[in-house]
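J.: missing the sequence, but the structure's below:
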């Protein structure tokens, strides 16, 4: 976020997006931060200084998750915004859109279970030196739900090597002890990857839903720290 | 082109009905008019066999804003908020095309909810299939129905938070898919479906109309047989993305006060939705089929009129608002066409441009449709099943075959008892971030943001009990839901029902129907829960054999303060385990609670005996008492005793809390089986701190409720007397993994 400006989140809404109100609730009601919805047909917005691409089924996920959304008018703005260093977080379908848009490397395959999966999972925080997970302790084990058909992240070996070298892997699926292996991998994702950022560390995509785990009554409030991290380190 | 004299039977109309149509019109109908009568007078749309009986339901109460008769019922939950809900069946379509059948069933019930101006906040479902073991077709049906429900609800962003699934071969040829959806609305933004105001427009919003689902309503009103497979084209195809867009459009239109009325297009498509709007408003309508956006240009008028293409809504719009409505639809890129206009002549007229194609008095399609009072007679099987009971040697022989440990393990692995995790993990049950109790507890609990309130829902119905005694079985179905709610601290405020039966023209079936209606009426009165919406599904037969009578009840409860929320999981080592309630007739050999039980079916392959007794007065006292304990923070967990009996109940409390328990029950080895697995009613297992025990016991005494301390929470195993000792990890694996193991076999 440009310094000196109050945090102001823009939450993108495509036809079929369905987690926008959940993100709004966390930002507005829990964290008391300004935010607004941005309809996908908009071409720019001068007020906001952070972008959330929420989960859902943009365009019904027809063709391929996120594949149609990338042609929406707002996406060229998102591209520019990210290139200028603006903070962008894509959750679930938002992550898929960021991959389709090439703002993040890799691609998403269908879950290797061949089923939609909705359940709480444990995640290990792999890196805290970024604006999105800085509020966690290194290697902290946190609990968030996943809710997707296509969360089986894939990247070729060259790309994976690069992700590792630059510490771009932020979250990995694990068990409650922090063990990362095939038995703690819910969807077949390569090396249990659940969330990554770009090389410049201002674009973050993750399959788990932090907005759905920001209050104890929902089973976990571990997700809240993602948003708090953005507010804290977000150069405000 | 068609000779109507030859065609009416093919459309499902009876001789006397055809005569009546000619009498109403004063002439022979043309094929279009005949088609319209056939769908409007189908059992599915007209409720001609059930209407006379359903009138007797208790439908009013202090929370009721809207009872049966609208797209869905409405309850007032205070703070200018209302909840809207209804349950509906989609059995026949699911039996022939499980994925689309289930998906469009969900789509249909969700449209009913937002047609009232409410945002859908959760769904539940009750499913019935044949047994899964070694039956690939049943596995296929189960798998595809669950996928259909999941894909539709997940894409819509509406959490599927609860429900129930049972497997019994009575449903082998005719599975049941009953879906319930719930919405929330500002009270002052609710809208109804009646058409009014001569000159106002009817505007079709949503999908184009295709040839899918033609005569679906007629199909739903017939038994299934060899030819049913050919009815696949009668099953509609769902597009949840389109429905999500239609939902947002309708809510935006309501928000901007651009529409005067809203109606979902379900069975019988444009015909039934527009006729119902006209009938409710006592007005006439002119419909222009040429204005309907089509998928196939060659569609003829009767096809357009009765197509059941999904994701369409009909809105009543003032002429001056039409351009505003179109602008909202354009924003979302969906169809918006004026297809009709309100008139004052009481006639339903169908035009193609200027050409008049048909003319029918509106009321002859609705209020003046035939009503049947079918004959009924107690079926012969009842006397045989009632006289059955297990003998002492049956129990001792069973214990020679299996140990107590083995029997309990088999019970908790039974698909009728084990965790339905395999199902709900395929449903997004968390979107909208209000799910306060994850699936697997007695009720689904949805918190209301920015308040202390929550609403809870429970779906239940026991076909076996209703088969043995439809009156008692129906009472138990209602009582089971209120008890489930009570276990979460929720006061029941209203219910919806989905009544699934065989062919009502058979006297034995109609007897089952009539008796279960009487049971629901009785239970609703005594438990003080009104019926606010519902659905009847007849002709659930395959090859002449009817399913067990299966009324499904979906009840809503109100939780005053969510901070008291209680689940079924045991919480702390050393807590005391108490059995609350229970009848005084537990040792009655006539009515031992084994009749119709899972135990009897699983080990003796029998659905027989007497349905358990229930006292509604006692039930109500017990439910209120449990809610009171929860509100006062006196108990740490509560779980009702139902299918499988008390041993299963305790095992579930253990595994969900990851705690062992040591239980002491008095009784001999063979008497122990009866004690552990009977399904006697009105019982709740609670746990509480030792220090609160005395207080709870005193309160129980004062309320004349039975109180029995049966054990203590702790350890790594479930131990019952000296007979059962099973590690909690083993119990959990059996219970959680059972369906997955069967499905992957």
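T.: That came through fine. Computed from a prediction, not measured in an experiment: that's the story for all the values here.
J.: which residues in chain A form helices?
T.: Along chain A, counting by DSSP state H, helices occupy A:20-24, A:74-83, A:93-100, A:157-165, A:224-233.
J.: any idea which of these is most buried?
T.: helix A:93-100 (a mean of 28; mean count of other CB atoms under 10 Å in any protein chain shown). To be clear about C-beta, it is placed using only N, CA and C from the backbone, and glycine gets the same treatment.
J.: Other residues contacting that one?
T.: In this structure, residues lying in contact with helix A:93-100 by CB atoms under 8 Å, 6 or more residues apart in numbering or on different chains are A:12, A:17, A:19, A:52-58, A:61, A:64-67, A:69-70, A:75, A:88, A:90, A:104-108, A:148, A:150, A:195, A:203, A:205-207.
J.: out of the helices of chain A, nearest to residue B:470?
T.: Among the helices of chain A, helix A:20-24 comes nearest to residue B:470, with 43.5 Å by CB to CB.
J.: before we move on, back to that, which ones among the contacts of helix A:93-100 lie within strands?
T.: In this view, the contacts of helix A:93-100 that belong to strands under DSSP state E are A:12, A:52-53, A:88, A:90, A:107-108, A:148, A:195, A:203, A:205-206.
J.: how about low-confidence regions in chain A?
T.: For chain A, the stretches with pLDDT under 70 are A:1-4, A:233-236.
J.: What parts of it come near chain B?
T.: A:15-16, A:18-19, A:21-22, A:25, A:29, A:39, A:41, A:55-57, A:59-62, A:115-119, A:145, A:147, A:149, A:209, A:211-212, A:214-215, A:217-219 (CB under 8 Å from any CB of the partner chain).
J.: Mind checking which of those are buried?
T.: By the neighbour-count criterion of 16 or more other CB atoms under 10 Å in any protein chain shown, the residues of chain A next to chain B include these buried positions: A:15-16, A:18-19, A:21-22, A:25, A:55-57, A:59-61, A:115-118, A:145, A:147, A:149, A:209, A:211-212, A:214-215, A:217-219.
J.: is residue A:88 in a bridge, and if so with what?
T.: On DSSP bridges, the residues paired with residue A:88 through beta bridges are residue A:51, residue A:203.
J.: residues contacting it?
T.: Contacts here follow CB under 8 Å, 6+ apart; on that basis residue A:88 touches A:50-51, A:53, A:78, A:81-82, A:98, A:103, A:202-204.
J.: For residue B:495, which three-state class applies?
T.: Following DSSP: H, G, I helix; E, B strand; the rest coil, we place residue B:495 in the strand state.
J.: Check residue B:700 too.
T.: Following three-state DSSP, we place residue B:700 in the helix state.
J.: nearest spatial neighbour of residue B:620, skipping sequence neighbours?
T.: For residue B:620, ignoring the flanking residues on the chain, the nearest one in space by CB to CB, 6 or more residues apart in numbering or on different chains is residue B:527 at 5.5 Å.
J.: what does chain B have sitting close to chain A?
T.: Within chain B, the residues that sit near chain A (CB under 8 Å from any CB) are B:147, B:150-151, B:154-157, B:239-242, B:244-245, B:248, B:331-333, B:424-433, B:435-436, B:438, B:447, B:449-450, B:562, B:565.
J.: In helices, which of the residues you listed fall?
T.: The helices, defined by DSSP H, take in B:147, B:150-151, B:154-156, B:240-242, B:244-245, B:248, B:331, B:424 from the residues of chain B next to chain A.
J.: who touches stretch B:328-335?
T.: The contact list for stretch B:328-335 (CB under 8 Å, 6+ apart) reads A:15, A:39, A:41, B:204-208, B:242, B:245-246, B:248-249, B:252-253, B:256, B:258, B:293, B:336.
J.: Could you do stretch A:5-13 as well?
T.: Contacts of stretch A:5-13 with the rest of the structure, by CB under 8 Å, 6+ apart, involve A:1, A:20, A:23-24, A:27, A:33-40, A:45, A:47-54, A:74, A:78, A:94, A:230-231, A:234, A:236.
J.: Pull the number of nearby residues for the residue in the stretch 251-400 of chain B that chain A sits nearest to.
T.: For the stretch 251-400 of chain B, the residue positioned closest to chain A under CB to the nearest CB is residue B:332, at a distance of 6.3 Å. By other CB atoms under 10 Å in any protein chain shown, the residues close to residue B:332 number 17.
J.: and the gap between it and residue B:187?
T.: Relative to residue B:187, residue B:332 is positioned 26 Å away (CB to CB, to the nearest Å).
J.: Name the residue of the stretch 1-150 of chain B that lies nearest to chain A.
T.: When you check the stretch 1-150 of chain B against chain A by CB to the nearest CB, the closest residue turns out to be residue B:150, at 5.4 Å.
J.: which parts of stretch A:172-183 are buried?
T.: If you call a residue buried by 16+ other CB under 10 Å, then stretch A:172-183 has these buried ones: A:172-174, A:180.
J.: re earlier: pull the contacting residues for the nearest residue to the residue of the stretch 1-150 of chain B closest to chain A once chain neighbours are set aside.
T.: Nearest in space to residue B:150, with sequence neighbours left out and distances taken as CB to CB, 6+ apart, is residue B:426 at 4.4 Å. When contacts are counted by CB under 8 Å, 6+ apart, residue B:426 touches A:115-118, B:146-147, B:150.
J.: Can you give me every residue that contacts the residue nearest to residue B:620?
T.: Applying CB under 8 Å, 6+ apart to residue B:527 gives the contacts B:478-479, B:482, B:492, B:616, B:619-620, B:623.
J.: pLDDT wise, what is the residue in the stretch 551-700 of chain B positioned nearest to chain A at?
T.: Nearest to chain A, among the residues of the stretch 551-700 of chain B, is residue B:562, at 7.0 Å (CB to the nearest CB). Confidence at residue B:562, expressed as pLDDT, is 94.
J.: Just give me the neighbour total for it.
T.: Other residues within reach of residue B:562, judged by other CB under 10 Å, total 19.
J.: how close does it get to residue B:488?
T.: 10 Å.
J.: about what we covered before: and the buried residues of stretch A:172-183, which two are furthest apart?
T.: Distances among the buried residues of stretch A:172-183 were taken as CB to CB; the most separated pair is A:173 and A:180, at 6.9 Å.
J.: tell me, what's touching these two both at once?
T.: Common neighbours of residue A:173 and residue A:180 (criterion: CB under 8 Å, 6+ apart): A:124, A:192.
J.: Please name the residues that touch residue 47.
T.: In the absence of a named chain, chain A is used. Going by CB under 8 Å, 6+ apart, the list of residues near residue A:47 reads A:8, A:10, A:36.
J.: not quite, I wanted chain B
T.: Contact criterion CB under 8 Å, 6+ apart gives B:54, B:536 as the residues in contact with residue B:47.
J.: Find the nearest non-adjacent residue to residue 142, please.
T.: You didn't say which chain, so I picked chain A. residue A:222 (3.9 Å).
J.: if you could check chain B rather than the one you did, that'd help
T.: Taking CB to CB, 6+ apart as the measure, residue B:142 lies nearest to residue B:129, with 5.1 Å between them; neighbours along the chain are not counted.
J.: what's across from the one you found in the sheet?
T.: With DSSP bridges as the criterion, the beta-bridge partners of residue B:129 are residue B:167.
J.: go on, residue B:335?
T.: In this structure, residue B:335 has the following beta-bridge partners (DSSP bridges): residue B:206.
J.: Pull up the gap between it and residue B:325, please.
T.: Using CB to CB, one gets 12 Å for the distance from residue B:335 to residue B:325.
J.: what do those two both touch?
T.: residue B:205.
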